[in-house]
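Peer 1: Quick check, what structure comes out for this input:
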Amino acid sequence: MYNFILFFFFLTNPILEEQGRGTAIQTGDEFVPSPKQGYLIKHGHYTLSYSSTHRQAEFSYYFLPSENIQGGQKRTDDFRVDPKVKLDPVKPTDYQKSGYDRGHLCPAGDMTFNSTAMSETFFMSNMSPMVPSFNRGIWSKLEDWVRDTALSNGGVYVVTGPVLSSSCGALKGSITVPCLFYKVIFKGGPSPKMIGFLLANEGASGSVQQFVVPVDQIELKTGIDFFPQLENNLEQTLESKVNLKGWTF
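Peer 2: Numbering: from 1, shown residues only. Sure, this is the predicted structure:
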């Protein structure tokens, strides 16, 4: 009976059915998480929740189809104030001489299909202080893995952010330096799957697989409920444990 209910759910749920055909809307608005510490800012190709207290986003969210990452648009590197931030927006110069990178949450490499999408990733609201060896090392490797996964799965939903419940210091202007960062990846369709990653803000080597954790663990640390729009039993099944079936490393 339980299997029949799940089968019926997949056949009658337009969101997951669309995902199975790889035809979901680029912005993926159907699965935007609810803010915990911030307020939503919607850009053309991704949405973030901005925390005024920590002066950075608690998450960025978007749907990543193959066409987003198969374009020829080069990096614009036009770091700038986000005009949609309501109060005291972070400036590019606020990171100068801090020893930290302006680390992307929504990566520039995920938005190569046109100049507007690429440029949007350089809003300072999309930046978080990252240790250089982390940002340019294991974090970059994880971003590459997500893009490869999107290509091989016909698109995936991506949620990325810092864990703001623990601080490893602050930059000038009270920009919190997170100790941890996470990514949550979801693929819908007839065989839905979800995977979470939790990484310390420090240099690391090896495979990104070593950083896989249950999504419930990330929810506990952030207070954010990821993909609550899913049917409760399905959400619990996907988030409660690590399941590497269907993911390639």
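Peer 1: Can you name the next helix or strand after the helix ranked longest in the chain?
Peer 2: Secondary structure of the chain per DSSP state H: the longest helix is helix 139-153. Sequence order places strand 156-162 as the next helix or strand after helix 139-153, per DSSP states H and E.
Peer 1: that older thread, flag every buried residue along the longest helix of the chain.
Peer 2: Using 16 or more other Cβ atoms under 10 Å as the test for burial, helix 139-153 gives 139, 142, 143, 145, 146, 147, 149, 150, 153. For the C-beta atoms, the positions are set from N, CA and C on the backbone; glycine is no exception.
Peer 1: same check, this time on stretch 209-220
Peer 2: 211, 212, 213, 214, 215, 216, 218, 219.
Peer 1: Present the residues you listed as a markdown table; the columns should include distance to residue 64.
Peer 2: Putting the buried residues of stretch 209-220 into a markdown table (distance: Cβ to Cβ, whole Å) gives the following:
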| residue | distance to residue 64 |
| --- | --- |
| 211 | 19 |
| 212 | 19 |
| 213 | 21 |
| 214 | 22 |
| 215 | 17 |
| 216 | 23 |
| 218 | 18 |
| 219 | 21 |
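Peer 1: nearest to residue 63, of those?
Peer 2: Closest approach to residue 63 among these (Cβ to Cβ): residue 215, at 17.5 Å.
Peer 1: Quickly note the distance from the closest one to residue 241.
Peer 2: 9 Å (Cβ to Cβ, to the nearest Å).
Peer 1: what's the answer for residue 90, then?
Peer 2: Relative to residue 241, and taking Cβ to Cβ, residue 90 is found at 37 Å.
Peer 1: Please enumerate the helices of the protein.
Peer 2: Counting by DSSP H, the helices of the chain are 2-12, 14-21, 115-120, 132-133, 139-153, 215-222, 232-239.
Peer 1: which residues does the nearest residue to residue 229 once chain neighbours are set aside contact?
Peer 2: Excluding the flanking residues, the one nearest residue 229 by Cβ to Cβ, 6 or more residues apart in numbering is residue 31, at 5.8 Å. By Cβ atoms under 8 Å, 6 or more residues apart in numbering, residue 31 lies in contact with 15, 61, 63, 157, 186, 227, 229.
Peer 1: Adding pLDDT and distance to residue 83, write those residues out as JSON lines.
Peer 2: Shown next, in JSON lines, are the contacts of residue 31 (pLDDT from 0 to 100; distance: Cβ to Cβ, whole Å):
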{"residue": "15", "pLDDT": "44", "distance to residue 83": "31"}
{"residue": "61", "pLDDT": "98", "distance to residue 83": "20"}
{"residue": "63", "pLDDT": "97", "distance to residue 83": "24"}
{"residue": "157", "pLDDT": "98", "distance to residue 83": "26"}
{"residue": "186", "pLDDT": "98", "distance to residue 83": "30"}
{"residue": "227", "pLDDT": "96", "distance to residue 83": "29"}
{"residue": "229", "pLDDT": "95", "distance to residue 83": "29"}
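Peer 1: buried subset of the residues you listed?
Peer 2: 15, 61, 63, 157, 186, 227.
Peer 1: And those residues, which two are furthest apart?
Peer 2: Every pair of these checked by Cβ to Cβ; the farthest is 15 and 61, at 14.6 Å.
Peer 1: Just the strands from the chain, written as ranges.
Peer 2: 39-42, 47-51, 56-64, 101-104, 127-130, 156-162, 167-171, 175-178, 180-187, 193-200, 212-213 (DSSP state E).
Peer 1: so which of these gets nearest residue 234?
Peer 2: With Cβ to Cβ, the closest approach to residue 234 among these belongs to strand 193-200: 9.5 Å.
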